[in-house]
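[1] A predicted structure for the sequence below; I have some questions about it.
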Amino acid sequence: MTESTARRRRGAALEQALLEAAWAEMSEHGYEYFSFDGVATRAGTSKAVVYRRWPGKPELARAAFRHVIGQDPITVPDTGNLRDDVIALLRQVNERRVGIATVLVAQLGDLYRSTGTSIEDLRTSLTTGQETAMETIVGRAVERGEVDPARLTRRIVQLPVDLFRHQLLMTAHAVPEADIVEIVDSIFLPAVTRSA
């Protein structure tokens, strides 16, 4: 990228270039060796431009994470039944989040140690004040009469995603289809559906 091209970028276009450069730097070098110099060089701009937007590495790292997640948002399935909605949600996460999960585990350990945050803190920062996909899916299932509301707790509602996320983060590989079906059919549905 030429100096004149870098100067012409402003506003959202410049911020997008910086966040993409930051995510690429963290993915390649990890948080410990992630620097504003590296981000600026990769984005074809100056370090001062980066510092004007983010005061330090933790803020830039979180912003880059939010950016990369926002580039490919998960949509809440609405198939008309609980089982298919949950399976469709987990399949979608499987297709879109394996690479991000690998970076979160393998490359950002120093971020968690230096800031006292966790993967869960990063995830929560994206959804604060918003209904989760599982809350939406289960809420619809309650309205359809598929779910016994008396069985629901926050932990139970999030159970399929939590089990899925645990396996994804522990293996850094896509969760096999058979495991997705088992999570839904053998663990989640018996915990929430009405008895016959």
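    Looks like it arrived, so ask away.

[2] what's the domain layout of the chain?
    The chain breaks down by automatic domain parsing into domains covering 3-67, 75-192.

[3] can I get these in JSON lines including mean neighbour count and mean pLDDT?
    Where you see a C-beta, it was placed from the backbone N, CA and C, and this is true even at glycine. Shown next, in JSON lines, are these (neighbours: other CB atoms under 10 Å; pLDDT from 0 to 100):
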{"stretch": "domain 3-67", "mean neighbour count": "17", "mean pLDDT": "87"}
{"stretch": "domain 75-192", "mean neighbour count": "15", "mean pLDDT": "88"}
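
[4] can you classify Arg91 by secondary structure?
    With DSSP: H, G, I helix; E, B strand; the rest coil as the basis, Arg91 sits in helix.

[5] and it, how far from Arg53?
    36 Å (CB to CB, to the nearest Å).

[6] and what of Thr153?
    Distance from Thr153 to Arg53, by CB to CB: 40 Å.

[7] can you tell me the centre-most residue of the chain?
    Ile69 (5.3 Å; CA atoms, centre = their mean).

[8] name the helices or strands packed onto the one helix or strand that residue maps to?
    Element membership for Ile69 (DSSP states H and E) is helix 57-71. The contact analysis (3 or more CB pairs under 8 Å, 6 or more residues apart in numbering; DSSP states H and E) places helix 57-71 against helix 11-29, helix 36-43, helix 82-106, helix 109-115, helix 119-127.

[9] dump those to JSON lines, plus distance to Gly145.
    Converted to JSON lines, the helices and strands packed on helix 57-71 look like this (distance: least, CB to CB, whole Å):
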{"stretch": "helix 11-29", "distance to Gly145": "44"}
{"stretch": "helix 36-43", "distance to Gly145": "52"}
{"stretch": "helix 82-106", "distance to Gly145": "10"}
{"stretch": "helix 109-115", "distance to Gly145": "42"}
{"stretch": "helix 119-127", "distance to Gly145": "27"}
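
[10] so for Phe164, which of those helices sits nearest?
    helix 82-106 (5.2 Å; CB to CB).

[11] show me what that closest one is packed against.
    The criterion is 3+ CB pairs under 8 Å, 6+ apart, and the helices and strands that helix 82-106 contacts are helix 11-29, helix 57-71, helix 119-127, helix 133-144, helix 154-171, helix 177-182, helix 189-192.

[12] need those helices in JSON lines with distance to Val105, can you?
    As requested, the helices and strands packed on helix 82-106 are exported to JSON lines (distance: least, CB to CB, whole Å):
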{"stretch": "helix 11-29", "distance to Val105": "12"}
{"stretch": "helix 57-71", "distance to Val105": "13"}
{"stretch": "helix 119-127", "distance to Val105": "8"}
{"stretch": "helix 133-144", "distance to Val105": "22"}
{"stretch": "helix 154-171", "distance to Val105": "6"}
{"stretch": "helix 177-182", "distance to Val105": "18"}
{"stretch": "helix 189-192", "distance to Val105": "28"}
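
[13] closest to Ser46 out of those?
    Where the helices and strands packed on helix 82-106 are weighed against each other on CB to CB, the nearest is helix 11-29, at 11.0 Å.
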